[in-house]
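1. Fold the following, please.
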Amino acid sequence: MAPDRRTAVLASLCDADLEVLRELAGEAHGHPAGLLAAITHAADWEFRRRGGIDFEMLPLGEAISEGDLDAALGLAVAFHASIADRFKHPALVRKMIVGVVETISGTQSAH
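-> Presented below is the predicted three-dimensional model:
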């Protein structure tokens, strides 16, 4: 996901959805930590950007080891499916998670 597309998706999320995303990533113990770190970093980055603190977003895939990549990609899909009802705009959150998956895997999704 190109940085401008990634940041556009984050900007489209409401504050409540960003907060839920950050909270749920923090509560998801026992899962690939790199994926959760990437989701948390993206949400934190957007909150700070909205607050006027602008800095470069770190590459999201760097937090995930090669050995954890398949598990992280599977978790990203399951993570969204299991929590979609917690968001005001689940389709936008799904788009953000798909973007994280694309960034991590280096592929473009048809979604």
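
2. Secondary structure element for residue 101, which one?
-> Here residue 101 sits within helix 90-105, counting by DSSP states H and E.

3. Extract the C-alpha trace of that helix and format it as CSV.
-> Presented in CSV, the C-alpha positions along helix 90-105 are these (Å, rounded to 0.1, in the frame of the first residue of the first chain):
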residue,chain,number,x,y,z
PRO,A,90,-16.2,-1.5,9.8
ALA,A,91,-15.7,-1.3,6.0
LEU,A,92,-13.1,1.5,6.5
VAL,A,93,-11.4,-0.5,9.2
ARG,A,94,-11.3,-3.5,6.9
LYS,A,95,-9.7,-1.3,4.2
MET,A,96,-7.1,-0.2,6.7
ILE,A,97,-6.3,-3.8,7.7
VAL,A,98,-6.2,-5.0,4.1
GLY,A,99,-3.7,-2.1,3.6
VAL,A,100,-1.6,-3.4,6.4
VAL,A,101,-1.7,-6.9,5.0
GLU,A,102,-0.7,-5.5,1.5
THR,A,103,2.2,-3.6,3.0
ILE,A,104,3.4,-6.5,5.1
SER,A,105,3.2,-9.1,2.3
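
4. average pLDDT for that helix?
-> Averaging pLDDT along helix 90-105 gives 76.

5. Can you point out the buried residues in that helix?
-> The neighbour-count check on helix 90-105 (16 or more other C-beta atoms under 10 Å) flags 92-105 as buried. (Each C-beta comes from the backbone N, C-alpha and C, glycine too.)

6. Serialize the residues you listed to TSV and add fields for distance to residue 52.
-> Listed next are the buried residues of helix 90-105 as TSV, based on distance: C-beta to C-beta, whole Å:
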residue	distance to residue 52
92	23
93	24
94	28
95	25
96	22
97	26
98	28
99	24
100	24
101	29
102	28
103	25
104	28
105	32
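
7. just those residues now: which is nearest residue 36?
-> Comparing the buried residues of helix 90-105 against residue 36 with C-beta to C-beta picks out residue 100 as the nearest, at 10.4 Å.

8. I appreciate the help and will end here.
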